[in-house]
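Trainee: Mind folding the following:
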Amino acid sequence: MSPDPWETLRRSTRARIGLGRAGDGLPTAELLKFQLAHARARDAVHGQVDFDKLAADLAPLPTIRLKSQAGDRSTYLRRPDLGRKLHPDSAAKLADVPPQPWDLVFVIADGLSAGAVQTHAAPMVKACIERLPGWRIAPIVLGEQARVAFGDDVGEALGAELCLLLVGERPGLSVPDSLGIYMTYRPKRGRRDSERNCLSNIHADGLSYALAADKAAWLAREAVRLRLSGVDLKENAPVAGLSAAEVNNNVLK
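Mentor: Below is the predicted model:
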């Protein structure tokens with residue numbers, strides 16, 4: 001059998017290229033791989049984060065568990081608007097947090113990939129905190145059935161200068177466990193998406209914890225210095241502190 005000329009290219013990308021065909025359809029092996037990827041993406045969307053384990057992974061950092069107004073997963077998927085709003089009972093919990101001039105609040109939202117949050121959120125938060133010495137960090141909020149704008153309600157209630165929201169990104173057919181970080185300066189209800197900065201594709205084959213944390217910390221310092229976030233804040237973080245292997249290979253630490 002002659003060598004497959006596509007094999008070298010396949011080793012360089014996660015994209016589905018040169019799949020071949022069997023009659024009018026895909027070869028059985030490729031069809032099964034596609035069905036498996038689709039099943040993993042569906043599982044990611046319908047999965048649930050074990051927030052007790054996540055809180056244990058974050059220890060000794062203090063955490064607060066809150067909920068959005070989407071009462072269950074089905075409602076969350078059908079009503080994105082409810083996933084953006086803090087439940088009244090959770091708002092009461094935040095009212096019990098002693099008022100302080102918080103520089104930053106981390107919010108971890110399950111989003112659309114439970115696996116991404118379960119695997120990457122705790123080490124990502126810790127990596128960011130290491131790069132922000134001296135910052136006054138509020139108790140870490142664990143948001144159930146929460147979307148990006150959920151952090152606006154949380155940040156406003158706490159009076160935090162900055163919100164970094166970590167969320168499970170919508171899964172694709174090649175990566176079901178990608179984490180994203182959304183940063184908002186002076187969060188409050190009604191903030192537009194254009195007023196946020198985003199770092200995405202944090203996963204084993206994407207952006208490493210080290211590189212993502214460096215970029216997030218740089219953006220956080222710049223947001224506070226310039227008093228803004230979003231499209232007016234250009235991500236220009238230096239990578240000099242990382243080794244060539246970390247920059248080129250993005251190996252998760």
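Trainee: Which helix or strand contains the spatially most central residue of the chain?
Mentor: Here the mean C-alpha position of the chain is nearest to the C-alpha of residue 180 (C-alpha atoms, centre = their mean), at a distance of 2.7 Å. Assigned by DSSP states H and E, residue 180 belongs to strand 179-185.
Trainee: Parallel or antiparallel, list what pairs with that strand.
Mentor: If you go by DSSP bridges, strand 179-185 pairs up with strand 162-168 (antiparallel), strand 196-202 (antiparallel).
Trainee: that older thread, how about the contacts made by the residue nearest to the centre of the chain?
Mentor: By C-beta atoms under 8 Å, 6 or more residues apart in numbering, the contact set of residue 180 is 111, 166-169, 198-202. For the C-beta atoms, the positions are set from N, CA and C on the backbone; glycine is no exception.
Trainee: With residue 45 instead?
Mentor: Residues near residue 45 by C-beta under 8 Å, 6+ apart: 77, 112-113, 170-171.
Trainee: so how far is residue 201 from it?
Mentor: 17 Å (C-beta to C-beta, to the nearest Å).
Trainee: With residue 218 instead?
Mentor: Using C-beta to C-beta, residue 218 is found at 17 Å from residue 201.
Trainee: one step back: quick one: the residue nearest to the centre of the chain and residue 199, what's the gap?
Mentor: 7 Å.
Trainee: swap in residue 184?
Mentor: As defined by C-beta to C-beta, residue 184 lies at a distance of 13 Å from residue 199.
Trainee: more crowded one of these two?
Mentor: residue 184 (26 against 22; other C-beta atoms under 10 Å).
Trainee: Any idea what that one is bridged to?
Mentor: The partner list for residue 184 in beta bridges (DSSP bridges) reads residue 163, residue 196.
Trainee: Just list the residues touching it, thanks.
Mentor: If a contact means C-beta under 8 Å, 6+ apart, then residue 184 has 151-152, 155, 162-163, 165, 191, 195-196, 229-230 as its contacts.
Trainee: Tell me the one among those nearest to residue 88.
Mentor: Of all the contacts of residue 184, residue 152 has the smallest distance to residue 88: 15.9 Å, by C-beta to C-beta.
Trainee: Mind pulling up the pLDDT for the closest one?
Mentor: pLDDT recorded at residue 152 is 97.
Trainee: which outside residues touch the helix or strand containing it?
Mentor: Using DSSP H and E, the element containing residue 152 is helix 150-158. Applying C-beta under 8 Å, 6+ apart, the contact partners of helix 150-158 are 66, 68, 83-86, 91, 94-95, 97, 102, 105, 107, 109, 138, 141, 143, 160, 162-163, 165, 182, 184, 186-191.
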